[in-house]
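Chemist: please find the sequence and the predicted model below.
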Amino acid sequence: MMFIHMSHTDLDGYGCHMLTKEYFKDGIFLNANYGLEVKLTLKKIINLLNQHKDEDIFVLISDLNLTFSESKDLDKNVNELNQDGANITLQLLDHHASGQKSADKFDWYLLDTSRCATKIVYDYICNELDGYSDEVNEWLNPLVNAINAIDIWLDDDTNNFEFGKVCLRLVSRATEINQILFPDLNREYRIHLLKQAAQYVLKDNGNILLDNEMHFIKKRFLQLDDRDDTIDNLSAARLVYILEDKKDDLTVYYKEHKGLLTYTLGSISIPANAFLKANDDYDFFIDVGRKGHTSFRADGVVNVSLMAESMAKGGGHPNASGARFDDFKETIHYDDVKKFVQNKLDKVK
């Protein structure tokens, strides 16, 4: 059976993914925030269903309340595929009251405002599926209770609530690995942090112990070897290592020069410098933000201030410049960004 799981981009959403990864092990895992990201991710799921309609497929959506229009379209697509011979099981598990209209209409839409989505998914796996082993439940159940306490604000459940507060910060600030460029590794990173946090949840002052250890948990994940360094340098080294595998897909061209293009990476000075030093066949580095704000870096071969000026009336220094593309449209698809930027580069005089 093929398993597809779409979840939110916060502690509760990643908590749901932690649970299904622990249970199903393999599958296609996707994250989306509300608005455009949900619509585009649902479209991706429909494409996957069409590509694999000869397989048994279980689609799970968690910690996301779909609009009635989104629910109606998804239901229609799945029903049409099943009528055409597919075997798709659809299940949504959520706790946001704004999804009530969809929950009233569609039997696959389970809404329960008394529990967070992580708790709902945990109970679903335990009650509707085979559940977890006693060994896994021993660490998993207390962590689920802590996530539930902070997500639905059970501040009278003091220990779980305080521990959940630290988990909330642990996940929300896990930005060292870019979510759009490297979604699978970003998800792996956040789930790893949660599983490490589980070691502290039942200890006395576990929230304080986790808070003290948070920095070192992150560093141990980011380290490529036994050498210690600042978290900025470890993140930059890890990023360069990741980019080595993906650099062909991220390469753009300016005349005879090769450059690397990233999207929503942010704060690129350290990683861009590290990448350009490690890859002397690349002469510039560009990072585009969600709203079109763009950073340019170089190593002395290309004058990126002229590039920024010509592309978007930007400017700065020869090796470090910035600009904003007024005609850029926000997307979650890197390929859209690459086409946009390469088109601009091709027009630079």
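Modeler: Looks like it arrived, so ask away.
Chemist: residues in contact with the spatially closest residue to residue 155 that is not a sequence neighbour?
Modeler: Closest residue to residue 155 apart from its sequence neighbours, by Cβ to Cβ, 6 or more residues apart in numbering: residue 161 at 5.0 Å. Heads up, the C-betas are built off the backbone N, CA and C, glycines and all. Residues near residue 161 by Cβ atoms under 8 Å, 6 or more residues apart in numbering: 146, 149, 150, 153, 154, 155.
Chemist: what about residue 161, distance to residue 104?
Modeler: For residue 161, the distance to residue 104 (Cβ to Cβ, to the nearest Å) stands at 32 Å.
Chemist: next one: residue 7
Modeler: For residue 7, the distance to residue 104 - Cβ to Cβ - is 23 Å.
Chemist: ok, and the closest non-adjacent residue to the residue positioned nearest the centre of the chain?
Modeler: With the centre of the chain defined as its mean C-alpha position, the nearest residue by Cα atoms, centre = their mean is residue 179, 4.1 Å away. Nearest residue to residue 179, sequence neighbours excluded (Cβ to Cβ, 6+ apart): residue 186, at 4.5 Å.
Chemist: my guess is that neighbour meets residue 177, correct?
Modeler: Yes. Here residue 186 reaches residue 177: they are 4.7 Å apart, a contact under Cβ atoms under 8 Å.
Chemist: quick revisit: tell me how far the helix or strand containing the residue nearest to residue 155 lies from the chain's centre.
Modeler: Element membership for residue 161, per DSSP states H and E: helix 158-172. Put simply, helix 158-172 sits 19 Å off its chain's centre (Cα atoms, centre = their mean, to the nearest Å).
Chemist: all the strands of the stretch 1-150 of the chain, residue numbers only.
Modeler: Remark: strands assigned in the stretch 1-150 of the chain by DSSP state E, counting those that start in this stretch are 2-7, 28-31, 56-62, 87-94, 109-111.
Chemist: JSON lines for those strands, including distance to residue 219?
Modeler: Shown next, in JSON lines, are the strands of the stretch 1-150 of the chain (distance: least, Cβ to Cβ, whole Å):
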{"stretch": "strand 2-7", "distance to residue 219": "26"}
{"stretch": "strand 28-31", "distance to residue 219": "24"}
{"stretch": "strand 56-62", "distance to residue 219": "30"}
{"stretch": "strand 87-94", "distance to residue 219": "34"}
{"stretch": "strand 109-111", "distance to residue 219": "39"}
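Chemist: looking at the ones you listed, which is closest to residue 197?
Modeler: Residue 197 sits nearest to strand 2-7 of all the strands of the stretch 1-150 of the chain, at 17.9 Å, using Cβ to Cβ.
Chemist: next, the angle strand 87-94 makes with the closest one.
Modeler: If you take axes from the mean of the first three to the mean of the last three Cα atoms, to 10 degrees, strand 2-7 sits at 20 degrees to strand 87-94.
Chemist: CA atoms of strand 2-7 as PDB?
Modeler: Taking Å, rounded to 0.1, in the frame of the first residue of the first chain, the C-alpha atoms of strand 2-7 are listed here in PDB:
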ATOM      1  CA  MET A   2       1.200   3.500  -0.900                       C
ATOM      2  CA  PHE A   3       0.900   6.000   2.000                       C
ATOM      3  CA  ILE A   4       0.600   9.800   1.400                       C
ATOM      4  CA  HIS A   5       0.500  12.200   4.400                       C
ATOM      5  CA  MET A   6       0.000  15.900   4.200                       C
ATOM      6  CA  SER A   7       0.300  17.900   7.400                       C
END
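Chemist: what packs against it?
Modeler: When contacts are defined as 3 or more Cβ pairs under 8 Å, 6 or more residues apart in numbering; DSSP states H and E, strand 2-7 sits against helix 11-24, strand 28-31, helix 36-51, strand 56-62.
Chemist: mean confidence (pLDDT) on that strand, please.
Modeler: Averaged over strand 2-7, pLDDT sits at 98.
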